[in-house]
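S.K.: Pasting the sequence and the predicted coordinates here, then a few questions.
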Amino acid sequence: MSQITELKFMREFIGVCAEGYRLGWHERNGGNLSYRMSAEDVASAKEFLQDGAPWQDIGTEVPGLKNEYFLVTGSGKHMRNVPLCPEENICIVKVDESGTKFQIQWGLVAGGRPTSELPTHLMNHEIKKQLTGGKYRVIYHAHPGNLIALTFVLPLEDKAFTHELWEMATENPVVFPQGIGIVPWMVPGGRDIAIATSKLMYKYDVAVWAHHGLFCAGPTFDDTFGLMNTVEKAAEICVKVKSMGGKCQTIPEKGFVQLAKDFNIELNQGFLNC
Ligand code: 13P
Ligand code: ZN
């Protein structure tokens, strides 16, 4: 391999950054992305990785991720620039044996550090890794406009928010059957919001940050990006419906039950009204 950016996981990661930017979810440095590399990914990238950079505090503890490698966007870096110059805007970090420190082993060649939301990304990864037996590998944070707008209008409550977005397209409950969790407005970038978000990750793959954006988790780049895209599309339809004066009719409550049965999905029963 002559270039690390030719590796499949790199190409897919860069593709998500580019597509998210194209869709308007990443103004300036808004949003961030992380990927927990597999042993094969690490082996394929090994010739490009370097030990020796200083170990830095993560800002929280993730013992369940000791010695894992992550590809992650840089703090203050613009998603728009990721495909133009990956080595300046993203990096590979290794978590230490204690799960409290990281070391940059590739990337950010012009300086910088991983995203300020690294505590949230890693705490979410730790929980999803444990819950899914290692299947989940991607955590994605974006600032999609319609979703953010809805956090000023819908009740900031998991059931109400989820049900409203389930109603906005028939296949939405199939894409996020467990629903959406809401983190009330908090200062971003630290351990407190990481704890609040990761608690929701025990139950959901989607967590809203009120008046800020969205976190999605998934096994692959396609699943995680597709989830973000589906939730934002639901939010867009909701904004249109509200702007047209509100619903005149909607999916019948029993329709959700029928859908779950026919699509063989485990719909969050607590979020139904029947
Ligand atoms: P970073 O540039 O540090 O990734 O922050 C962007 C962001 O969206 C913070 O929530
Ligand atoms: Zn953000």
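M.R.: Happy to help now that I have it. Ligands and ions are numbered 1, 2, ... in the order given.

S.K.: which parts of this protein sit against ligand 1?
M.R.: 29-32, 73, 75-76, 115-117, 141, 188 (Cβ under 6 Å from any ligand atom). All C-beta spots, glycine's among them, are computed from the backbone N, C-alpha and C.

S.K.: Which ones among the residues you listed map onto helices?
M.R.: Judged by DSSP state H, these include no members of helices.

S.K.: just the buried members of those residues?
M.R.: 29-32, 73, 75, 115-117, 141, 188 (16 or more other Cβ atoms under 10 Å).

S.K.: Output those residues as TSV; include the columns distance to Glu164 and pLDDT.
M.R.: Below are these laid out as TSV (distance: Cβ to Cβ, whole Å; pLDDT from 0 to 100):
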residue	distance to Glu164	pLDDT
Asn29	30	98
Gly30	24	98
Gly31	23	98
Asn32	27	99
Thr73	30	99
Ser75	33	98
Thr115	30	98
Ser116	30	98
Glu117	26	98
His141	22	99
Pro188	24	98
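
S.K.: between these, which is nearest Cys274?
M.R.: Nearest to Cys274 among these: His141, at 34.0 Å, using Cβ to Cβ.

S.K.: pretty sure Leu131 is touching Asp205, no?
M.R.: No. Contact criterion Cβ atoms under 8 Å: Leu131 and Asp205 do not qualify, at 10.2 Å.

S.K.: neighbour count winner among these two?
M.R.: Each of Leu131 and Asp205 has its neighbours counted (other Cβ atoms under 10 Å); Asp205 has more, 26 against 14.

S.K.: Distance check, the nearest residue to that one once chain neighbours are set aside against Ile180.
M.R.: Closest residue to Asp205 apart from its sequence neighbours, by Cβ to Cβ, 6 or more residues apart in numbering: Ala217 at 4.9 Å. Applying Cβ to Cβ, to the nearest Å, the value for Ala217 to Ile180 is 12 Å.

S.K.: Same question for Ser38.
M.R.: From Ser38 to Ile180 the distance is 28 Å (Cβ to Cβ).

S.K.: ok, now Lys233?
M.R.: In terms of Cβ to Cβ, Lys233 sits 14 Å off from Ile180.

S.K.: Looking at those two, which has the bigger crowd around it?
M.R.: Comparing Lys233 with Ile180 by other Cβ under 10 Å, the one with more neighbours is Ile180, at 27 against 18.

S.K.: The more buried one reaches Val231, doesn't it?
M.R.: Yes. In this structure, Ile180 is within contact of Val231 by Cβ under 8 Å, at 7.0 Å.

S.K.: Report the contact partners of the residue nearest to the spatial centre of the chain.
M.R.: The chain has Tyr140 as the residue nearest its centroid, 2.3 Å off, counting by Cα atoms, centre = their mean. Contacts for Tyr140 were tallied using Cβ atoms under 8 Å, 6 or more residues apart in numbering; they are 16, 20, 31, 33-34, 215-218, 224-225, 228.

S.K.: which among the residues you listed end up buried?
M.R.: Neighbour-count burial (16+ other Cβ under 10 Å) is assigned, among these, to 16, 20, 31, 33-34, 215-218, 224-225, 228.

S.K.: So what pairs up with the residue nearest to the centre of the chain in the strands?
M.R.: Per DSSP bridges, the residues bridged to Tyr140 are Leu33, Cys216.

S.K.: Perfect, that will be all.
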